[in-house]
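# predicted model and sequence below, questions to follow.
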Amino acid sequence: MSPKLKKIYDFLYSYEQVYVFEQEKRPKGGRKRTYTHSSFIIFFISMFLNRIFSYKKMAREAKKDFAKYGFPQAPSRKTIRERFKQLPPVLMHIMTEIAKYCYQKICHKPCNIKCLFSDKSIFRAKGGLWHKKHIKAGVVPHPSIDTEATWAFSPYHKWRFGYALLIMVNQHRFPVVAIADTAILNEPQSITTMIERIYRNVGIIVGDAAYKVYDVIKKLYFEYNILLQVRDQIKDKTMQWYRKLIHTPQALWTYCKRKPSVEPTFALIKELFSLHGESQLPFKGKKYVVPFLLITAITIQLMAVFNFFNQRGLGYTHDFCDLF
């Protein structure tokens, strides 16, 4: 493992230890894991940046140079597949812990998490389309169809069949937390899950029209002390206090920063992992697509941290990708 990659591994492993202590307590005398989550995170980032998605080919690559990824020995194809499916809760935990650490200990400005911008992007499922008339009839016309994917509407792509990545970033496009699910993922209802570990550090979350859900707005404001800011006109007479808040000059200025913050983050993910336009996801099934999408999110976060320490722009890709 190169010195720079070793620093990234050590950085990840410090947060992995907290996750393992809290969530993966093993019985006394139980066998320890042969491979760390951090090794697999680095391994999958390398595989996906190099467009390797077959578990058989991944196993061959691991066998060639397992020490490069921090493995004590080459993992089998079955181990790679099973550990990949186990990653989502680990990735969500590590992302939030990295965000808190960067905000509190490294640099307040580029890693500020007081104000977050939230949005989701829908990625097309691998295989054919499962049209709604066939879904209602319970008919699968072609075996290539991913039957776990769902339909959802986005302003840019219109109707799309696939999976969604919901991400929160700060003004400087630094990813703070992400969650993935099928395309029908409910954005406002997912917020409380996403902010569970960081809500004490967050003051404002800015979302588009999809976030205009009064119950969620009230819950975040009164229970978590977080303002969920949307731009649409508020018609509910009991929400006049909210209307006054979101129509102040400061609130309008903040809302204008949503698109320039979150949308370039998705553009970067699509560029690095070849997910432009109608490109399909490389995996089928929720248990494989969800960890893949979360790997793309933590890749951008780690790249931002790497670039900060090396005095580069947070979105600079060249030096970071060269590590893998």
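Alright, I've got the coordinates.
# from here on, just use CA atoms for contacts and neighbour counts.
Will do.
# low-confidence ranges in this structure?
25-31, 107-108, 238 (pLDDT under 70).
# show me where it has helices.
Residue ranges of the helices in the chain, as given by DSSP state H, are 3-23, 37-49, 55-64, 77-85, 87-101, 132-137, 187-194, 214-223, 240-246, 249-255, 258-272, 286-309, 318-322.
# any chance of a markdown table for those, columns distance to residue 70 and mean neighbour count?
Formatted as a markdown table, those follow (distance: least, C-alpha to C-alpha, whole Å; neighbours: other C-alpha atoms under 10 Å):
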| stretch | distance to residue 70 | mean neighbour count |
| --- | --- | --- |
| helix 3-23 | 8 | 15 |
| helix 37-49 | 5 | 21 |
| helix 55-64 | 10 | 16 |
| helix 77-85 | 14 | 15 |
| helix 87-101 | 17 | 20 |
| helix 132-137 | 44 | 10 |
| helix 187-194 | 29 | 16 |
| helix 214-223 | 41 | 15 |
| helix 240-246 | 49 | 15 |
| helix 249-255 | 42 | 14 |
| helix 258-272 | 23 | 18 |
| helix 286-309 | 17 | 22 |
| helix 318-322 | 17 | 13 |
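# out of those, the one nearest residue 146 is which?
helix 286-309 (9.0 Å; C-alpha to C-alpha).
# now the angle between helix 77-85 and the closest one, please.
Counting by axes from the mean of the first three to the mean of the last three C-alpha atoms, to 10 degrees, helix 286-309 lies at 70 degrees to helix 77-85.
# show me the contact partners of helix 286-309.
Under the contact criterion C-alpha atoms under 8 Å, 6 or more residues apart in numbering, helix 286-309 has outside partners 8, 41, 44-45, 84-88, 91-92, 95, 148-149, 163, 165, 167, 174-176, 178-182, 265, 268-269, 273, 281-283, 313-317, 320.
# picking that back up, I'd like the helices of the chain as TSV, with distance to residue 143 appended.
Formatted as TSV, the helices of the chain follow (distance: least, C-alpha to C-alpha, whole Å):
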stretch	distance to residue 143
helix 3-23	37
helix 37-49	25
helix 55-64	21
helix 77-85	22
helix 87-101	27
helix 132-137	13
helix 187-194	30
helix 214-223	39
helix 240-246	49
helix 249-255	44
helix 258-272	27
helix 286-309	16
helix 318-322	35
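# looking at those helices, spot the one closest to residue 125.
Of all these, helix 286-309 comes closest under C-alpha to C-alpha, at 8.9 Å.
# and the gap between residue 114 and residue 206?
11 Å (C-alpha to C-alpha, to the nearest Å).
# of these two, who's got more company?
More crowded of residue 114 and residue 206, by other C-alpha atoms under 10 Å: residue 206, with 23 against 18.
# specify the beta-bridge partners of that one.
residue 117, residue 229 (DSSP bridges).
# is it true that it touches residue 256?
No. Assessed by C-alpha atoms under 8 Å, residue 206 is found out of contact with residue 256, at 9.7 Å.
# ends of stretch 90-109, how far apart?
End residues of stretch 90-109 are separated by 26 Å (C-alpha to C-alpha).
# I would like the residues contacting it, please.
Residues external to stretch 90-109 that are found in contact with it (C-alpha under 8 Å, 6+ apart): 12, 15-16, 19, 37, 111-113, 175-179, 197-198, 201, 294-295, 298, 301.
# go on, stretch 146-165?
In contact with stretch 146-165 (C-alpha under 8 Å, 6+ apart) are residues 120-130, 140, 178-185, 284-286, 289, 293-294.
# just the buried residues from the residues you listed, in PyMOL please.
Command for PyMOL that selects the buried part of the contacts of stretch 146-165, burial taken from 16 or more other C-alpha atoms under 10 Å:
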select buried, resi 120+121+122+123+124+125+126+127+128+129+130+178+179+180+181+182+183+184+185+284+285+286+289+293+294
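# hmm, what's the outermost residue in the protein?
residue 237 (36.0 Å; C-alpha atoms, centre = their mean).
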